[in-house]
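K.L.:
Let's see this in three dimensions:
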Amino acid sequence: MSDGDDVGRLLIVLGGVLVSAVLGAVFFLVVPGSLADLLGVVLTLSVVVLGARGASRLADSMFPDYNAAEVAVEGPITRDGSTPGPLPGSMGATADDVVERIERADEDEAADALLVKLDTPGGAVVPSDDIRRAAADFDGPTVAYATDVCASGGYWIASGCDELWARRGSIVGSIGVIGSRVNVSELADELGVSYERFAAGKYKDAGTPLKELSADEREYLQGLIDGFYDDFVERVAEGRGMDPEAIRDTEARVYLGEDAHELGLVDDIGDRDGVEDRVGDLLDAEVSVREFEPERGLADRLRGGVAAVAYAFGAGVAGVVGDDERGFRLRF
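P.N.:
Below is the predicted model of the structure:
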């Protein structure tokens, strides 16, 4: 950014503050003479703050001081940000918000490159794929980098970027699928609870926890898992430019960053400065990064960090096949 841009930004911000101060004084101090002076001062300062924020945004749009955008994906990925399971109410990555930020960065003429910060064990299947598609559609270089955890759905997202970087101690991988169900049929028998089936379709209640699985139901559910796994492997192999068999050979294990690099699951090892240097090489310019944040309140952006780390070892991308009462859960 040139010195002229610096001066232009400063003038816009100072102008916005001055105009806001004058308007606040006129409306809240001069005109309503009956108002208490203290209330007038508070309202004036509020208008000044709002004016300064507006002026700052205007200055950013007219004289951007960045050429790369950063979008973070943190915590388990769901559609609405809520995390089901043992820690209900904790917050994860809201897929729609992440996609909106990536698309906003793509539309921003100043953002020539995209950094995707990944600290996630995965999450719901379709929301994770929405984020991956948005990153893949970004018009410019895209570099994903793992901090603590880039597992399962997080790795799926990374496969849509041009490169993936990790720290030596990052947890990377978990390219696999798991299906699970709670079987309480014996407990139901002991309690005198019986299960009566009223369903249209042979497999409508496959996986319900109140009855034992039949052999053909097991085969049906395993088929779902195999299908999801094949799709997962093909997507990752295509995005990473790897042999699908090499992906299968990982057997859904997680690896430390350095080991993942040796296996070809990660392009390079480095910290945030190294990632920025790489983006600078791709742009052939000095890099300045702006983080694109969700357009919502701070409370809604709180992440369930402890839940994310614990969930990482559970194999990532979680989706429910069918209704909640059916009991069968499928996760990538």
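K.L.:
ok, residues contacting the host helix or strand of Leu164?
P.N.:
For Leu164, the element it lies in under DSSP states H and E is strand 163-166. Contacts of strand 163-166 with the rest of the structure, by CB atoms under 8 Å, 6 or more residues apart in numbering, involve 142-146, 150, 158, 172, 240, 257, 260-261, 265-270, 274-275, 278. Where C-beta positions appear, they are placed from N, C-alpha and C, glycine not excepted.
K.L.:
and with 7 Å instead?
P.N.:
When contacts are defined by CB atoms under 7 Å, 6 or more residues apart in numbering, strand 163-166 is touched by residues 143-146, 150, 158, 172, 257, 260, 266-270, 275.
K.L.:
Backbone torsions only: list them for Asp137.
P.N.:
As for Asp137, its main-chain torsions (degrees, to the nearest 10) stand at phi -90, psi -10.
K.L.:
what's it in contact with, if anything?
P.N.:
So Asp137 contacts nothing (CB under 7 Å, 6+ apart).
K.L.:
That one and Phe292, how far apart?
P.N.:
Here the criterion is CB to CB, to the nearest Å. By it, Asp137 lies 15 Å from Phe292.
K.L.:
sorry, back to before: from the contacts of strand 163-166, pick the one nearest Ile102.
P.N.:
Ala144 (11.7 Å; CB to CB).
K.L.:
which residues of the stretch 101-250 of the chain score low on pLDDT?
P.N.:
Across the stretch 101-250 of the chain, residues meeting the criterion (pLDDT under 70) sit at 179-181, 183-189, 192, 194-199, 203, 205, 207, 210.
K.L.:
where along it do the strands fall?
P.N.:
113-120, 142-151, 163-166, 171-173, 178-180 (DSSP state E, counting those that start in this stretch).
K.L.:
how about JSON lines for those, with mean neighbour count added?
P.N.:
JSON lines is the format used below for these (neighbours: other CB atoms under 10 Å):
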{"stretch": "strand 113-120", "mean neighbour count": "26"}
{"stretch": "strand 142-151", "mean neighbour count": "26"}
{"stretch": "strand 163-166", "mean neighbour count": "25"}
{"stretch": "strand 171-173", "mean neighbour count": "26"}
{"stretch": "strand 178-180", "mean neighbour count": "16"}
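K.L.:
Switch those strands over to JSON lines; also include distance to Leu282.
P.N.:
JSON lines is the format used below for these (distance: least, CB to CB, whole Å):
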{"stretch": "strand 113-120", "distance to Leu282": "6"}
{"stretch": "strand 142-151", "distance to Leu282": "7"}
{"stretch": "strand 163-166", "distance to Leu282": "9"}
{"stretch": "strand 171-173", "distance to Leu282": "22"}
{"stretch": "strand 178-180", "distance to Leu282": "36"}
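K.L.:
Of the ones you listed, which is nearest Leu221?
P.N.:
Judging those by CB to CB, what sits closest to Leu221 is strand 178-180, at 5.8 Å.
K.L.:
Ok, which of the strands of the stretch 101-250 of the chain comes nearest Glu245?
P.N.:
Among the strands of the stretch 101-250 of the chain, strand 171-173 sits nearest to Glu245 (CB to CB), with 15.8 Å.
K.L.:
tell me what that closest one is packed against?
P.N.:
Using 3 or more CB pairs under 7 Å, 6 or more residues apart in numbering; DSSP states H and E as the contact test, the elements touching strand 171-173 are strand 142-151, strand 254-256, helix 257-262.
K.L.:
quick one: contacts of the shortest one?
P.N.:
Where contact means CB under 7 Å, 6+ apart, the residues beyond strand 254-256 that reach it are 151, 168-174, 263, 265.
K.L.:
Relative to Val49, how far out is the closest residue to Ala246 other than its chain neighbours?
P.N.:
Leaving aside its sequence neighbours, Ala246 sits nearest to Gly264 (CB to CB, 6 or more residues apart in numbering; 6.9 Å). Distance of Gly264 to Val49, computed by CB to CB: 51 Å.
K.L.:
cool, and Leu263?
P.N.:
Taking CB to CB, one finds Leu263 at 51 Å from Val49.
K.L.:
Kindly report the same for Glu103.
P.N.:
29 Å.
K.L.:
thinking again about what came up before, measure how buried the residue nearest to Ala246 is and give me the count.
P.N.:
13 (other CB atoms under 10 Å).
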